[in-house]
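*Asks:* Here you go, sequence then predicted model.
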Amino acid sequence: MDRLSYIASRLLQVIPVIFGCTLVCFFMLHLVPGDPARTMLGVHATPQGVARLHREWGLDQPLWRQYLDYLNRLLHGDLGTSLFYNLDVAQLIKDRLPPTLWLLFLSALMSVLIAIPLAMLAASKPDGARDQVVRVVPMIGLGMPAFWTGIILLILFALNLGRVFPVGGYGHGFTGHVRSMILPSLTVALFISPILIRSLRASLLEVLQADYVTTARAKGIPERRVMIKHALRNGVISMVTVLGLNIAYLVGGTLVVEQVFALPGIGQLMLAAIFQRDFTVVQAIALVFAILVVLINLLTDIVHAMLDPRVRFD
Amino acid sequence: MASAALEPATSLVEDRGRGFAGRWYRTPSFVAGLLILGTLIGLALAAPLVTRYSPTAQDLHHTLSGSSSQHWLGTDQLGRDVWSRLVYAGRVDLKVGFLAVLLPFLIGTTLGSLAGYYGGKLDMLIAYLVNVVVAFPFYVLIIAMSFVLGPGERSIYIAITFVGWVSYTRIIRAEILVAKRREYVEAAKVAGLRDSRIIVRHLLPNVIMQAVIFAMSDIILSLAAIVTLGYLGLGIQPPTPDWGDMIAGGQNFITTKWQLSVFPGLCVVLTGLGLSLLADGVNDLMRPE
Amino acid sequence: MSEPAAPLLEVRDLQVRIPLSRGTVRAVDGASFTVGVGGAMGLVGESGCGKSMTLRAVMGLLPRPAEITGGQVLFAGEDLATARASRIRELRGRGIAMIFQEPMTALNPVMKVGAQIAEGPYAHLGYGRRKARERAIELMQLVGIPDPVRRSQSYPHELSGGMRQRVMIAIALSCEPQLILCDEPTTALDVTIQDQILKLLLRLREELGMSIVFVTHDLAVIAQTCQTLAVMYAGEVVEAGTVHEVFHQPRHPYTLGLLRSVPDPVDVRDVLDSIPGSPPDLVAPPPGCRFAPRCPFAEDDCLEGRKPLLPLEGDRASACIHPDRAAESVREQPVITGV
């Protein structure tokens, strides 16, 4: 099977997974203890308000009917109406998406910039002193909650040390955005790097000890060429795989970090919605995050398929 | 002349170490992990003995004080003793952190064994469920679930279980797929043993350590999640002390008293380091040279 | 057959050690042998006896943390054990090339095979890209790969095991080396393919006038391809000589044991004797002859002092201090009739 049909088949695989995600988001409402409408409205519950929510969520309908309606609305791009803002949720999310996407992109970039050199350093001489040091880094990093790392970075770089970076917000214009994004993306990068370093070190070690690297050395070609032509290419393939596997974790990290740095993205919107008991928004953003992860995974799979001639659908 | 192989299946290394019991104390990471974790758990268990103040006792005359002989680590914005709160929060967070991985471990291992052993439709169904759950970022699902279920300890267990089982399922499934092709499993099948007995007695003992090692890093992840929920106000509810809640409370004072936010975080990091070292040590001990 | 005066490769008292946490493994412990210009030598022994380590030591390609701790590797008179890394790199491919056991893992999975063959000529012979590619196709033709122009654009996983091993051979030949080291080149292949590959190697050796060292545990391969052989046991060479002499009149009980455990299709023996016991732990090898614990003829004087390779009649040598015992045993019951 060639690469194009592989990509097509991966696209087809994505559809049932997205369906599954809508099911999870749909059933979230039914996990709410008691009458979801009354619970969500809390102290502000009025008989009219509860009745309106019942109607909107179709709670008087049979379950399958409710789901089909939900799906039907989703397919029309209708993510519901915010209980708190009384606004179209799709529009709300669309407005808040850019900072989140920026944060995702920059933190993925930064985590790669942190993880790859460290993993290479460690793998180039396994069990050497540098390797031991690099192996301890993930051990410390894994236990660092992202929001805490963010606070530490704020203390260090925004409040002390010359106050180079803003304490929070999204900034104005391109440079403003980038400047206000550096600390948050660094936080997410530090959050994800431990996992990346660990898996990258293992896969690079495997590549460096592979028989084909020995074959390349046996040809007597320069070591630099061995590294670039043989080790690196295979190393990059495993890096893409590792990144793809951890993308959900990375996306999750952005959620909390947006809160710490007051970045007006969909993560912060979701947390705000939680405190406003705005169920529709929480539900919609959970789905958006899931779809985001599925799509990024698809992208890494496609990149993988383009890099690795062995990829076949099986 | 026919080709003749005379490769005997003997290894040069006759005895593979002297087993777990004889080697653990010579594995530095194992010992270090055990020490760190032992100290933390010991302190948490002995909380009433090592603290002088109740973690919830307020003293509004001495708020945000520095460290002194009365208050080793000072007091917080409500005049509560920071050391007491750290220790008592450890008691809660460590307990919830460890307990939270129990259900995912059991459910994930069971589903992974079934999927790996039987394959076919069951495997496809479980693989599908795994794919759906992993599509949701860990924190998104945990936070959404805690919101929907209402904050509190019980919701933490449910949320972490809902998300956490997939990793165990993946690990155990992959290991079982390899293990079930071994001769002794075939032999057990030929001998007419029941499937349940083959899985429990012959397959699981060989693969379970992988899940146990993962569980150690999983405790770190669940602890980080619990603390994060606490920070967001969705986790352990005040007045019960919680590291996450302490960090959140201290965040308003980071310009003047950064320690309030830094110390609880360090406790989380230390726990993580202990568990990582322990997992690393166990991994080393399991691997023959 | 006697060795030419100036050997192409002479390994003298080679020591390779692997430091592990449970102790240092003496993977190769005083191995000596010579390979003449145009000669074909077999290096046999059980797995773990150090034969592959010896080959890798010659190439300077020992896996970490193994290293050469003593002895000499003289290639055309030059000691590679002490040579600079850059000098060894110059010789790899051009002076000495290597063929590995498992062609699937030994070829880069994400590089077209043509490019993998062309790498050597490009780096060593100063060929341009185009000329190197032409050379690759020429080599593929030489090793019997049909439709080489199209095949050069294939990835390793698109080729069969036999074809992959032919690619490995083409890589080894690409800079016309004087010596090719073959590390179990046919073990991973089907029997019929094995035969084709061996014949190919023999033909190429004759046409191109190279020397070959064959590492294998398969005595049949040695019989088919080599003139001389060295038998390794527990890191040491225990017997050396021409294939004909050693196979018909082994002078070391280990060689005898090996030969007795081979099924001989010409004269079917009633009993196939396997050697009892297993090789010693090379962290702490037994004193004296390392084979003594498994040897049916062992006496008290076998158990003490190192047993170096001693010259016998002709160009033969054996590390056994009672070589007559093996000879007697053969007189009573011949070992091989097929060779």
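*Replies:* Everything's here; your move. The shown structure was predicted, so the numbers you read here are calculated from the model rather than taken from an experiment. Residues are numbered from 1 along each chain as shown, chains lettered A, B, ... in the order given.
*Asks:* in the stretch 1-150 of chain B, which spans are helices?
*Replies:* B:19-23, B:28-45, B:47-50, B:82-100, B:102-118, B:120-135, B:138-149 (DSSP state H, counting those that start in this stretch).
*Asks:* correction: chain A
*Replies:* A:3-31, A:36-41, A:47-57, A:63-75, A:89-124, A:129-141, A:146-153, A:173-208, A:211-218, A:223-225, A:233-245, A:247-260, A:266-275, A:279-307 (DSSP state H).
*Asks:* least reliable of these going by mean pLDDT?
*Replies:* With a mean of 78, helix A:36-41 has the lowest mean pLDDT of these.
*Asks:* Hmm, residue C:10 and residue C:34 touching each other?
*Replies:* Yes: at 4.6 Å, residue C:34 and residue C:10 qualify as touching, with contact defined as CB atoms under 8 Å. C-beta coordinates here come from the backbone N, C-alpha and C atoms, glycine included.
*Asks:* I'd guess residue C:12 is in a strand, am I close?
*Replies:* Yes: when DSSP: H, G, I helix; E, B strand; the rest coil is applied, residue C:12 is found to be in a strand.
*Asks:* List the residues that contact it.
*Replies:* Contact analysis of residue C:12 by CB atoms under 8 Å, 6 or more residues apart in numbering or on different chains lists C:32, C:71, C:72, C:73, C:74.
*Asks:* What residue, apart from its backbone neighbours, is nearest the third one spatially?
*Replies:* So that's residue C:72. Sequence neighbours aside, residue C:12 is the residue nearest to residue C:72 in space, at 4.4 Å (criterion: CB to CB, 6 or more residues apart in numbering or on different chains).
*Asks:* hmm, back to that, what's the least confident stretch among the helices of the stretch 1-150 of chain B?
*Replies:* Among the helices of the stretch 1-150 of chain B, helix B:19-23 carries the lowest mean pLDDT, at a mean of 62.
*Asks:* Look through chain C and state the residue closest to chain B.
*Replies:* Taking CB to the nearest CB, chain B has its nearest neighbour within chain C at residue C:278, 3.7 Å off.
*Asks:* I'd like the distance from that residue to residue C:27, if you could.
*Replies:* Using CB to CB, to the nearest Å, residue C:278 is found at 16 Å from residue C:27.
*Asks:* ok, these two, which is more surrounded?
*Replies:* It is residue C:27, of residue C:278 and residue C:27, that has more neighbours when counted by other CB atoms under 10 Å in any protein chain shown, with 25 against 16.
*Asks:* Might you report the residue contacts of that one?
*Replies:* Shown in contact with residue C:27 (CB under 8 Å, 6+ apart): C:16, C:17, C:18, C:50, C:53, C:66, C:235, C:282.
*Asks:* By neighbours, which of those residues wins?
*Replies:* Neighbour max across these (other CB under 10 Å) = residue C:235, 29 neighbours.
*Asks:* Could you look up the SS state of the residue lying closest to that one once chain neighbours are set aside?
*Replies:* Computed as CB to CB, 6+ apart, the closest residue to residue C:235 that is not its neighbour in sequence is residue C:29, at 3.8 Å. Secondary structure assignment for residue C:29 (three-state DSSP): strand.
*Asks:* quick one: stretch B:40-52 to chain centroid distance?
*Replies:* 21 Å (CA atoms, centre = their mean, to the nearest Å).
*Asks:* Return the set of buried residues in that stretch.
*Replies:* Judged by neighbour count (16 or more other CB atoms under 10 Å in any protein chain shown), stretch B:40-52 contains these buried residues: B:40, B:41, B:43, B:44, B:47, B:51.
*Asks:* what's the first-to-last distance across that stretch?
*Replies:* 18 Å (CA to CA, to the nearest Å).
*Asks:* before we move on, what about stretch B:227-240?
*Replies:* 13 Å.
*Asks:* List the buried residues of it.
*Replies:* So stretch B:227-240, judged by 16+ other CB under 10 Å, has buried residues B:227, B:228, B:229, B:230, B:231, B:232, B:233, B:234, B:235, B:236, B:240.
*Asks:* Can you tell me which residues in chain C are near chain A?
*Replies:* For chain C, the contact set with chain A under CB under 8 Å from any CB of the partner chain comprises C:59, C:61, C:63-64, C:89-94, C:97-98, C:100, C:102, C:105-111, C:119-120, C:122-124, C:155, C:157, C:168, C:171, C:174-175.
*Asks:* scratch that, the stretch 1-150 of chain B is what I was asking about
*Replies:* So the stretch 1-150 of chain B meets chain A at B:128-129, B:131-141, B:143-145, B:147-150 (CB under 8 Å from any CB).
*Asks:* Kindly report the same for the stretch 151-289 of chain B.
*Replies:* Taking CB under 8 Å from any CB as the criterion, the stretch 151-289 of chain B approaches chain A at residues B:217, B:220-221, B:223-224, B:227-228, B:231-234, B:244, B:247, B:251, B:254-255, B:258, B:261-262, B:264-265, B:268-273, B:275-277, B:280.
*Asks:* is chain B contacted by stretch C:203-218?
*Replies:* Yes: with CB under 8 Å from any CB as the criterion, chain B is reached by stretch C:203-218 at C:217, C:218.
*Asks:* Restrict that stretch to CA atoms and write it as PDB.
*Replies:* C-alpha atoms of stretch C:203-218 as PDB (Å, rounded to 0.1, in the frame of the first residue of the first chain):
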ATOM      1  CA  ARG C 203      33.600 -16.700  -7.100                       C
ATOM      2  CA  LEU C 204      34.200 -13.100  -6.200                       C
ATOM      3  CA  ARG C 205      37.200 -14.000  -4.000                       C
ATOM      4  CA  GLU C 206      38.700 -15.800  -7.000                       C
ATOM      5  CA  GLU C 207      37.900 -13.000  -9.500                       C
ATOM      6  CA  LEU C 208      39.000 -10.100  -7.400                       C
ATOM      7  CA  GLY C 209      41.800 -11.800  -5.500                       C
ATOM      8  CA  MET C 210      40.700 -10.800  -2.000                       C
ATOM      9  CA  SER C 211      41.300 -12.600   1.300                       C
ATOM     10  CA  ILE C 212      38.300 -13.700   3.300                       C
ATOM     11  CA  VAL C 213      37.800 -14.400   7.000                       C
ATOM     12  CA  PHE C 214      34.600 -16.400   7.700                       C
ATOM     13  CA  VAL C 215      33.200 -16.400  11.100                       C
ATOM     14  CA  THR C 216      30.700 -19.100  11.600                       C
ATOM     15  CA  HIS C 217      29.500 -21.900  13.800                       C
ATOM     16  CA  ASP C 218      28.700 -23.900  10.800                       C
END
